[in-house]
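Participant: A structural model of the following input is requested.
(chains A and B)
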Number of protein chains: 2
Amino acid sequence: MDNLLEEKLKHLRQLTEEQMLAIIDKSFPCYLYDPMRYVVTAGGKKLRPLLLLMVCEALGESISHALPAAAAIEMVHDFSLVHDDIMDHDDLRRGRLTVHKKWDESVAILAGDGLLVYAFRALSRCPPQVVPRLLDMFSSSIIAVCEGQSLDKTFEQQDQVSLQEYKEMILLKTGKLFGLSCEMGAVLANGNQDQVDAMRSFGEHLGTVFQIQDDLLDLTATEMNLGKDVGSDIKEGKKTWPVLHFIQHARPDQLQAFERLTNGHVGPDQILEIVELFSKAGSIQAAEQSLRQELETLRNALQILPDNQASAALRQIVALIEKRDR
Amino acid sequence: MDNLLEEKLKHLRQLTEEQMLAIIDKSFPCYLYDPMRYVVTAGGKKLRPLLLLMVCEALGESISHALPAAAAIEMVHDFSLVHDDIMDHDDLRRGRLTVHKKWDESVAILAGDGLLVYAFRALSRCPPQVVPRLLDMFSSSIIAVCEGQSLDKTFEQQDQVSLQEYKEMILLKTGKLFGLSCEMGAVLANGNQDQVDAMRSFGEHLGTVFQIQDDLLDLTATEMNLGKDVGSDIKEGKKTWPVLHFIQHARPDQLQAFERLTNGHVGPDQILEIVELFSKAGSIQAAEQSLRQELETLRNALQILPDNQASAALRQIVALIEKRDR
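Facilitator: Got it, this is the predicted structure:
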């Protein structure tokens, strides 16, 4: 990555974390605040606040103006991780124990609740004239996150899920919060309605891009780059983009071969065979094709921004995402 | 109860429920919205919205103006019940199965989250000029509710809890939300700062009154009036107001007698003996004395309101609470 951009992102991540800690200004009772701080200081890419801040700057407003909103959006993301980890029985998050593992489930439910409420508290620190509008879009988008998580849990127990249903789930669970981040950046910079709409759409497509990439990388990445087992989604029986395309489009004999391969032990050899099977059915290519279309939409959406350092940084980020291999 | 007042309260409860259902305007995914509606339509006394609406009316503003805020405060209360019931492993609420019992824990976590976010959505429907101020006090008070629940869980595992700590916990867990209800009613009616402060204080003391009454009724009510086993707090080893006073003030031999009575089977005879023991140590009287003081504070706080139908209704409610025996 370009050194200058890297430095800038690091600085913005730090400012966001400082802002979160400034808003969570208490420490008692410690069974509420210790886990909240544990989550907030765990690092993470902070993509959502970065997007919010850079969109805001690209539209000519100073970053300091948007920091409470940046903190708010990251706290919402943190809230959803803490509660999702309970529901998914996950033990690790950002390389550390999840809250319900390190403490217990009650502590994790409350810490998640606390993060969500402090997110709204952060929102109340935004310029008063935009607070009603921000509150409306903020609450709508978090409702979408809850809907997406509910759908995701439903799909786990459902035999048939269509690719269309999957796309809607991704949009709700991931896209809407990315869309909100960019939209809030535009609103805080007093952007016009076209700019606000374009930025929301940009963020929503970015969410979809990330999910399709994750789904593809699970099959095609090298282990070193992925940082976890290749094929772990397949092993867990997750209904990812390529899997759903394959189920909808493969021939009966291909479907039988897939069932055979996933029924027993699924090792690196089986994953290679599955990738070949998916390729023959055109499912890898279809996912890649969707990805290219989404990336094209991303690039187009950015054209509405004026030409400056921040919009150049956003274009650079899209280029980096395009080359993402882990 | 006065028929006219009863009719009025019934009408306001209905308006609040309708408003909640109008704000929760979706039904898909059903695993999110079915449990949310299940909670919202389960009845309940709806004390918090009633207080908000009557304070607003007493200060000369129409009730329709305050309905979104009334819905918001009841949804927050519902959110806290759904999540608390998971943490406390409770099976029944308002005479029906709790959400995590009727569905499962993941559904209950998400339904609680949904109710909380929809509460903020309801707040965004309040008049824009007061939204920033309401958002600030609303989020602060819900943070207090989370802090109170965290303290309550901590106290369960803690050997020593002082009466002072218990009072602080009640204020956070119960008083703050009652205080918020009355404060919001005053703000929505454009009350002056003295009125706003007096109403918040009124609500906070009301929360304490309810808790001390609950604690006393567990010992002194008749079973028919209480609707549950008399002495159930004692049986579960809960640290209530009279218990904490007793532990702090009783003689060593009285403490030993209490320990003996609660160590084996605790039936109606043991409860009677415990009440006698508490009376001799002055703990029942001390709780009743605190209650009288709190009620006096309640009556005084209401004097700031103009004389009208709504403020008369509020005074009537305080009188009813005073005579509450179940």
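Participant: where does the stretch 151-300 of chain A come near chain B, residue by residue?
Facilitator: With CB under 8 Å from any CB of the partner chain as the criterion, the stretch 151-300 of chain A meets chain B at residues A:151, A:153-154. C-beta coordinates here come from the backbone N, C-alpha and C atoms, glycine included.
Participant: how about 10 Å then?
Facilitator: A:151-155, A:157, A:169, A:172 (CB under 10 Å from any CB of the partner chain).
Participant: which of those lies closest to A:A287?
Facilitator: The shortest gap between A:A287 and any of these belongs to A:M169, at 15.7 Å (CB to CB).
Participant: nearest spatial neighbour of that closest one, skipping sequence neighbours?
Facilitator: Closest residue in space to A:M169, ignoring its immediate chain neighbours: A:L151 at 4.4 Å, by CB to CB, 6 or more residues apart in numbering or on different chains.
Participant: name the helices or strands packed onto whichever strand or helix holds A:D34?
Facilitator: Secondary structure assignment for A:D34, by DSSP states H and E: helix A:30-40. Here helix A:30-40 touches helix A:3-23, helix A:67-88, strand A:96-97, helix A:99-102, helix A:105-123, helix B:131-156, going by 3 or more CB pairs under 10 Å, 6 or more residues apart in numbering or on different chains; DSSP states H and E.
Participant: how about it as PDB, C-alpha atoms only?
Facilitator: The C-alpha coordinates for helix A:30-40 follow below in PDB (Å, rounded to 0.1, in the frame of the first residue of the first chain):
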ATOM      1  CA  CYS A  30     -16.600  -3.000  35.800                       C
ATOM      2  CA  TYR A  31     -18.600  -6.000  34.500                       C
ATOM      3  CA  LEU A  32     -20.200  -3.700  32.100                       C
ATOM      4  CA  TYR A  33     -17.300  -1.400  31.100                       C
ATOM      5  CA  ASP A  34     -14.300  -3.800  31.200                       C
ATOM      6  CA  PRO A  35     -15.800  -6.000  28.400                       C
ATOM      7  CA  MET A  36     -16.900  -2.900  26.400                       C
ATOM      8  CA  ARG A  37     -13.400  -1.400  26.500                       C
ATOM      9  CA  TYR A  38     -11.900  -4.900  25.700                       C
ATOM     10  CA  VAL A  39     -13.900  -4.900  22.500                       C
ATOM     11  CA  VAL A  40     -13.300  -1.300  21.500                       C
END
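Participant: how far out from the middle of the chain is the helix or strand following it?
Facilitator: Using DSSP H and E, the helix or strand that follows helix A:30-40 in sequence is helix A:47-58. The chain centroid and the centroid of helix A:47-58 are separated by 15 Å under CA atoms, centre = their mean, to the nearest Å.
Participant: related to what we said a few turns ago, what's the closest of the helices and strands packed on helix A:30-40 to B:G231?
Facilitator: Short answer: helix B:131-156, nearest of these by CB to CB, at 18.4 Å.
Participant: remind me which residues of chain A are low pLDDT?
Facilitator: Scanning chain A with the threshold set as pLDDT under 70 gives A:1, A:222-229, A:325-326.
Participant: orientation of the host helix or strand of A:T297 relative to helix A:47-58 in degrees?
Facilitator: Assessed by DSSP H and E, A:T297 sits inside helix A:283-302. Computed with axes from the mean of the first three to the mean of the last three CA atoms, to 10 degrees, the direction of helix A:283-302 lies at 30 degrees from that of helix A:47-58.
Participant: Please find the angle between the direction vectors of the helix holding A:D34 and helix A:67-88.
Facilitator: Orientation check (the same axes, to 10 degrees): helix A:30-40 against helix A:67-88 gives 100 degrees.
Participant: related to what we said a few turns ago, adding distance to B:K26 and mean neighbour count, write the helices and strands packed on helix A:30-40 out as JSON lines.
Facilitator: Formatted as JSON lines, the helices and strands packed on helix A:30-40 follow (distance: least, CB to CB, whole Å; neighbours: other CB atoms under 10 Å in any protein chain shown):
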{"stretch": "helix A:3-23", "distance to B:K26": "30", "mean neighbour count": "16"}
{"stretch": "helix A:67-88", "distance to B:K26": "19", "mean neighbour count": "24"}
{"stretch": "strand A:96-97", "distance to B:K26": "35", "mean neighbour count": "14"}
{"stretch": "helix A:99-102", "distance to B:K26": "29", "mean neighbour count": "21"}
{"stretch": "helix A:105-123", "distance to B:K26": "19", "mean neighbour count": "25"}
{"stretch": "helix B:131-156", "distance to B:K26": "22", "mean neighbour count": "22"}
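Participant: Save these as CSV, and put in distance to B:K235 too.
Facilitator: Shown next, in CSV, are the helices and strands packed on helix A:30-40 (distance: least, CB to CB, whole Å):
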stretch, distance to B:K235
helix A:3-23, 42
helix A:67-88, 30
strand A:96-97, 36
helix A:99-102, 30
helix A:105-123, 22
helix B:131-156, 15
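Participant: Isn't the residue nearest to A:M169 up against A:T174?
Facilitator: No: if you go by CB atoms under 10 Å, A:L151 and A:T174 don't touch, sitting 11.7 Å apart.
Participant: Spit out the residues that contact these two alike.
Facilitator: Common neighbours of A:L151 and A:T174 are not found (criterion: CB atoms under 10 Å, 6 or more residues apart in numbering or on different chains).
Participant: Spatially nearest residue to A:E168, not counting backbone neighbours?
Facilitator: Computed as CB to CB, 6+ apart, the closest residue to A:E168 that is not its neighbour in sequence is A:L151, at 7.4 Å.
Participant: What of A:F120?
Facilitator: Closest to A:F120 by CB to CB, 6+ apart is B:S139, at 4.5 Å.
Participant: Kindly report the same for A:L295.
Facilitator: A:E322 (5.6 Å).
Participant: can you check A:F246 too?
Facilitator: With sequence-adjacent residues excluded and distances taken as CB to CB, 6+ apart, A:F246 is closest to A:S283, at 4.2 Å.
Participant: burial of A:E168, as a residue count?
Facilitator: By other CB atoms under 10 Å in any protein chain shown, the residues close to A:E168 number 15.
Participant: Next: A:P252.
Facilitator: 7.
Participant: Distance-wise, check it relative to chain B.
Facilitator: The gap separating A:P252 from chain B is 31 Å, by CB to the nearest CB, to the nearest Å.
Participant: contacting residues for that residue?
Facilitator: Remark: with contacts taken as CB under 10 Å, 6+ apart, A:P252 is in contact with nothing.
Participant: Nothing else from me, thank you.
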